[in-house]
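Peer 1: show me how the following folds:
(chains A, B, C, D, E and F)
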6 protein chains.
Amino acid sequence: MIQLTRRATFSASHYYWNPAWTEAENFAVFGKCANRSGHGHNYTLEVGVAGEVDPVTGFVVDLKWLKDVIEREVIEVYDHRHLNLEVPEFAHVIPTTENIAVAIWNRLKPIVAQSGASHLTTIRVYETPEIFAEYRGE
Amino acid sequence: MIQLTRRATFSASHYYWNPAWTEAENFAVFGKCANRSGHGHNYTLEVGVAGEVDPVTGFVVDLKWLKDVIEREVIEVYDHRHLNLEVPEFAHVIPTTENIAVAIWNRLKPIVAQSGASHLTTIRVYETPEIFAEYRGE
Amino acid sequence: MIQLTRRATFSASHYYWNPAWTEAENFAVFGKCANRSGHGHNYTLEVGVAGEVDPVTGFVVDLKWLKDVIEREVIEVYDHRHLNLEVPEFAHVIPTTENIAVAIWNRLKPIVAQSGASHLTTIRVYETPEIFAEYRGE
Amino acid sequence: MIQLTRRATFSASHYYWNPAWTEAENFAVFGKCANRSGHGHNYTLEVGVAGEVDPVTGFVVDLKWLKDVIEREVIEVYDHRHLNLEVPEFAHVIPTTENIAVAIWNRLKPIVAQSGASHLTTIRVYETPEIFAEYRGE
Amino acid sequence: MIQLTRRATFSASHYYWNPAWTEAENFAVFGKCANRSGHGHNYTLEVGVAGEVDPVTGFVVDLKWLKDVIEREVIEVYDHRHLNLEVPEFAHVIPTTENIAVAIWNRLKPIVAQSGASHLTTIRVYETPEIFAEYRGE
Amino acid sequence: MIQLTRRATFSASHYYWNPAWTEAENFAVFGKCANRSGHGHNYTLEVGVAGEVDPVTGFVVDLKWLKDVIEREVIEVYDHRHLNLEVPEFAHVIPTTENIAVAIWNRLKPIVAQSGASHLTTIRVYETPEIFAEYRGE
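Peer 2: This is a model prediction of the structure:
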């Protein structure tokens, strides 16, 4: 069993806002992240997949296939988008780094499972180099 | 003469849009950057200042003072903001990396000049680790 | 259950010295790290906290709170200090990367536990980009 | 129990080729990696070792010893080499990132075990900053 | 006048060999780089272009166009290739970092000149993060 | 004319202190850097050398020679040292990043000049990734 990880990046806008709260409550909890004009980040995504090494190819997973999956399922949907306004899973869920990691897990888990030999083990999302969330489906 | 450079970061949203053009023209030139919902980046700013080393302090410039100037003049205005909608110099100027570098130069040039011995020489702005603009006031 | 990690940095001096040994023994084991004038590093600290995502905020932990805790409990005590001479836990413990990681764990574990929903899972300390210690309280 | 990790780098050539396949099959599966002239990478290796902290030295493992082991067992054999043509374990095994991680594990596992208190826990190999394999002997 | 820089990467093999010398002379001067089996690197390329900011677009140069030029003129020719054996400009020129920088300058200079407003100012090539060559056509 | 740059690192302690001032004056100007117990950094040094490419070797300068020069003249003197107490040029000069850059210039300038074809053009010293000084002998 070996884990292979592929990194990708996307640039997106977001804000933190709980519609059940007043504006004052939102700013008290979320600070400047509550600014409704939005702000943005260069997110870095790490997708970890584990399995046995195929003795014929030397691969746990075909990285070209994995790159295309990440591109189609995540980058095309998130990159150069406003997460709150344009990405369906954040219509009613605040796009914190934690929730972005869970959402990407939910997008990729069933597709990686179709690859046969390998399975998704880790989604790590960096909002900045100083902050990251990691979800392992547990 | 020696140059001292200090790095800072800010996270902001923006879009590229020329109001004199149709939507189709904007998307033809700017691609997905023309998305009016906005997208964002973790910008990295490098501020270069040059001068003689003061033999009493060993400093070209007091880095604590320079950090406070960058914080007050740039970070407080740009960080967690939508550049097009909330930062005055981009009300009618497209916030490309080039224009952001020039705008920060214009903000910092007169203030660094007040420090006496040193002067602003370089503004470098990274939109991502792959793209940066550098302005030297020439 | 999701893990959120926040990075911080501090610059400090230290040396490696076992007072039960002769000078020759110290240099034999610790090499140039035994130099009693001290040397120093830019340490990078990663603090990992895990818990359930709060559906109201989207947070595992309030990162502003966590940043303040790290600042108050670690950075103010370690940054711009000589670890052997000025930080109490290293008065009789050699400040190796391993021992620094354990000491920071001991400082942060009870405080993160007070946050309620989340708990400390990982302390990673980089002495340089080439060397790091990781402690998980096990 | 604490984990200590040391990073090292080597620059090497390789190609991906299964001799049981035709040229067309190799290019269909491996793409441009099947180019028999070879291409290369700056590999980054992370070697993770775990154990109790020795109260006399503050060490899990003597990093100078570990550096020498990595240098002798891996860097001298892999660096500035063509992995397929010059490194024995890849004479009949395709040097994918996965297989390189396993090979380095096999080289280092018994030697770290001789150190007494600590044991090898993790081999991570970056082919580029975007792709890495991690093997834990499981 | 402002400079805009775009980064790109390619992975390639090479060796250092002067055919006018004996094997012993080649190893005396080039060390392990003279290994004819080849070794390789992840090269990082920075292409700097300068000009006036177009007030209509906010651009010095259309970065999408520049990316396509770099991809077509450099990456497709160099990436996953053996520089000595497969890239024409290195048939009789040793592919040192210095010579690679000059060769990329010669490839890109006339094409960037066709863009009209901007011109090529800098080619920087990193062989590793520790070594880079910079050519400015002077 | 092409520039070749080589990076190196050293870890050292220092403090900022002007003996002509009172303790209160030193802390007023230098803040926590005035702590006489010292603190430290992982410094990164970039040494830039320029010249014509030798058509026989493809080199501006023999990087192995340059590495040995940097090792002997800078790293052996500065690494794992307290700059104020152990490095002669800082006995009466405050080891700010600016002064360290000038001191390394003065150490390397005459030696690189002896190499014949190339000359020293740039010394850049990073105290942290956020702060660097650059000296070009002007």
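
Peer 1: what's the pLDDT at the nearest residue to A:Phe59 once chain neighbours are set aside?
Peer 2: Nearest non-adjacent residue to A:Phe59, counting by Cβ to Cβ, 6 or more residues apart in numbering or on different chains: D:Thr96, 6.1 Å away. Where you see a C-beta, it was placed from the backbone N, CA and C, and this is true even at glycine. pLDDT for D:Thr96: 98.

Peer 1: ok, A:Gly116 next?
Peer 2: Taking A:Gly116 on its own, its pLDDT is 79.

Peer 1: are we agreed that it is in a strand?
Peer 2: No: using DSSP: H, G, I helix; E, B strand; the rest coil, the secondary structure at A:Gly116 is coil, not a strand.

Peer 1: how close does the nearest residue to A:Ala117 once chain neighbours are set aside sit to chain B?
Peer 2: Excluding its sequence neighbours, the residue lying closest to A:Ala117 (Cβ to Cβ, 6+ apart) is A:Gly51, at 4.6 Å. Noted for A:Gly51: a distance of 31 Å to chain B, by Cβ to the nearest Cβ, to the nearest Å.

Peer 1: hmm, A:Gly51 is touching A:Leu120, no?
Peer 2: No: in this structure, A:Gly51 is not within contact of A:Leu120 by Cβ atoms under 8 Å, at 10.3 Å.

Peer 1: of the two, which one has the most company?
Peer 2: More crowded of A:Gly51 and A:Leu120, by other Cβ atoms under 10 Å in any protein chain shown: A:Leu120, with 24 against 20.

Peer 1: my guess is that one contacts A:Val60, does it?
Peer 2: No: between A:Leu120 and A:Val60 there is no contact under Cβ under 8 Å: 11.8 Å.

Peer 1: give me the common contacts of the two.
Peer 2: Taking Cβ atoms under 8 Å, 6 or more residues apart in numbering or on different chains as the criterion, A:Leu120 and A:Val60 both touch A:Val49.

Peer 1: which ones are touching the residue nearest to A:Phe59?
Peer 2: Here D:Thr96 is in contact with A:53, A:57-59, D:16, D:133 (criterion: Cβ under 8 Å, 6+ apart).

Peer 1: most proximal residue of chain A with respect to chain B?
Peer 2: A:Gly40 (0.7 Å; Cβ to the nearest Cβ).

Peer 1: and the nearest residue to A:Thr44 once chain neighbours are set aside, how far is that from A:His41?
Peer 2: Among residues not flanking A:Thr44 along the chain, A:Tyr126 sits closest, at 4.1 Å (Cβ to Cβ, 6+ apart). According to Cβ to Cβ, to the nearest Å, A:Tyr126 stands 9 Å off from A:His41.

Peer 1: which one's more surrounded, the two?
Peer 2: Using other Cβ under 10 Å, the more surrounded residue of A:Tyr126 and A:His41 is A:His41, with 25 against 22.

Peer 1: now do the helix or strand containing that one, average pLDDT.
Peer 2: Take DSSP states H and E as the rule and A:His41 turns out to sit in strand A:39-51. Averaged over strand A:39-51, pLDDT sits at 98.

Peer 1: so which elements touch the next helix or strand along the chain from it?
Peer 2: Where DSSP H and E defines the elements, the next helix or strand beyond strand A:39-51 is helix A:63-70. In terms of contacts (3 or more Cβ pairs under 8 Å, 6 or more residues apart in numbering or on different chains; DSSP states H and E), helix A:63-70 is packed against strand A:2-14, strand A:39-51, helix A:97-113.

Peer 1: would you mark the buried spots in helix A:63-70?
Peer 2: Neighbour-count burial for helix A:63-70, counted by 16 or more other Cβ atoms under 10 Å in any protein chain shown, picks out A:63, A:66-67, A:69-70.
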